[in-house]
Structures are given as structure tokens and as C-alpha cells.
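1. Sequence first, then the predicted structure:
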Amino acid sequence: KRRHKIQIVTLNLFRFEKATDKIWAFLMMGLARFGLKKMQNLEFWKLFGSGTGEGFTPIPNFSVYGILCVWESEMAARNALLNEKLFKKYISRASHTSTIFMKPVSSRGRWSGAQPFIAKKDNPKEFVAVLTRATVRWSKLKSFWRESPGISNRIGTDKNVMFKIGLGEVPIRQQLTFSIWKNLSHMEKFAHQTGSHRDAILKVREGDWFSEELYARFNVIEVRGNFSEFNQKKQELINE
């Protein structure tokens, strides 16, 4: 029965400016899980911190945090984000909030031992989101962080990237990259035809850097909020 549901995935990004709000947000990395566990129609969730710059560094950024949620329906997602006390608290304390609504269209791999996304094949929409998540092996941490900034820079200079950010469940070791592209063909061209990026992927595969990884693609159905507070490269909204 669950397989017939049309999941909605949301990524909330929050920026905090006041010192007291930054401390609150840092503490909520541990405390917010209690509120999320109680929410109805929420099938999977993760809390994230971020790195400095555009998020792709091991140095933490205590201003930007994220929450990824997998809801059993679009109605459930919208109702919770509007009415749940936890999200109201985040929004009231944040200086800026952006929310991305997505439908999963492909997913492979595992996340905390599970496959959270029910992928429904669909025609590519105008904006495509890509999520990559991995747990880096302790023995490969140095190699991983040597390659990561270069990959980040290559994505950032691609004119077809609307937005990108690096997030982390656990500092240094459990990392997530999230990007939004103008369309599927532009994303695939970067992934498969850019030599330096392809070489880095081969290093990951051949070196067995990850103990767990997941790759997922989504059609973006709505974006609320301006990304400029989280990303210096792009200022525009995708939808208003």
C-alpha cells in the first residue's frame, strides 16, 4: 500500500544571525529529533549542520542549518510546515528561511540502512534537484576532503547550477551535497562529461571511500524563499 503513495520531500534551510539563536539552533541538532519523531505522516527525517563558504568544507558554519523530511503526501507536508510547533520555532528564530518541495524520481543506495525515497518515474521538469549522501570511511577522510573542494568549485562555476549547498549529519564524516539544475540534460552533462569530476568519482569507486552512500534525483515542484542568503552565486528565485 505504501508504494502507491506519492511522497513529497522537503528541504528547509535556516540562517540564524543572533548569537542566542545560533546557540539555540546548535542545541536543536540534538533536541529537534524529539519533535520530529512525533509528527504524523512523516516517514523519514534528518537534521543537518553546514560548512563554511558554500558548505563544502570541514569547518562548521554555526549560522546555517537544514532539515530534510520525507512526507507521505503533499498535503501532509504543507500542513506540517505550516502548523507544527517545531517548524514555527525555527521560522520565528531564523533570519532567513528557504523551503524546497520535491518529488523523488530516482534513488539508489541506502541511508542509515534504509531507502527513504519512493521513486516515481516522471518526465523531467524544468528544475532538477540532486542529492548525494555518504558516510566516509575513517581511513579515507583525508582523501575525501582533499577532493571535495575541487568538486565543489567545478559545480559552482557551472552556469546551469541554480543552487548548491553542502550539509552534514555528523561533522567531517557524514556528508550531503544538494544542488538544483536548470534541467536534467545539463545535470547529466556535468556528471558524465566533465573529465575532472568523472576522475574524482572514479577515485571514490576504486578506493572504496564510503561505507554507505545514496544518490537521488527529484523534480522540484516549488521553492519558497530566496537562496541568496545561503549561496552567493545565485540570487534569483525559481518560483514565487
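-> Ah, there it is.

2. Distance-wise, check L27 relative to L13.
-> 18 Å (C-beta to C-beta, to the nearest Å). C-beta here means a position set from N, CA and C on the backbone, and glycine is covered the same way.

3. And for N61?
-> According to C-beta to C-beta, N61 stands 12 Å off from L13.

4. helix or strand right after the one helix or strand in the chain whose mean pLDDT sits lowest?
-> Of all helical and strand segments in the chain, the minimum by mean pLDDT, DSSP states H and E falls on helix 195-207, at a mean of 55. Heading C-terminal from helix 195-207, the first helix or strand you meet, by DSSP states H and E, is strand 210-224.

5. Got the phi and psi for the residue positioned nearest the centre of the chain?
-> The centre of the chain sits closest to F178, judged by C-alpha atoms, centre = their mean, with a distance of 4.3 Å. Per-residue torsions, F178: phi -130, psi 130 (degrees, to the nearest 10).

6. go on, N41?
-> Per degrees, to the nearest 10, the backbone of N41 is at phi 70, psi 10.

7. thought L184 was touching V128?
-> Yes - contact criterion C-beta atoms under 8 Å: L184 and V128 qualify, at 4.9 Å.

8. what's the overlap in contacts for the two?
-> Shared contacts of L184 and V128 (C-beta atoms under 8 Å, 6 or more residues apart in numbering): R217.

9. where does the protein dip in pLDDT?
-> For the chain, applying pLDDT under 70 flags the ranges 1-4, 53-58, 124, 137-159, 171-174, 191-209, 211, 227-240.

10. got the residue ranges for the strands in it?
-> 8-15, 42-51, 60-71, 96-109, 128-136, 161-170, 174-181, 210-224 (DSSP state E).

11. sorry, back to before: more crowded one of N61 and L13?
-> Neighbours per residue (other C-beta atoms under 10 Å) separate N61 from L13, with L13 holding more: 27 against 20.

12. residues contacting the more buried one?
-> L13 touches V64, Y65, G66, T97, S98, T99, I165, G225, F230, counting by C-beta under 8 Å, 6+ apart.

13. in terms of contact, does the fifth one touch I180 like I think?
-> No - in this structure S98 lies outside contact range of I180 using C-beta under 8 Å: 10.9 Å.

14. what's the overlap in contacts for these two?
-> By C-beta under 8 Å, 6+ apart, no residue touches both S98 and I180.

15. So E17 is in contact with V64, correct?
-> No - between E17 and V64 there is no contact under C-beta under 8 Å: 10.8 Å.

16. Of those two, give the one with the bigger neighbour count.
-> Set E17 next to V64 and count neighbours by other C-beta under 10 Å: V64 wins out with 24 against 12.

17. Across the sheet, point out what pairs with that one.
-> Here V64 sits in beta bridges with R15, going by DSSP bridges.
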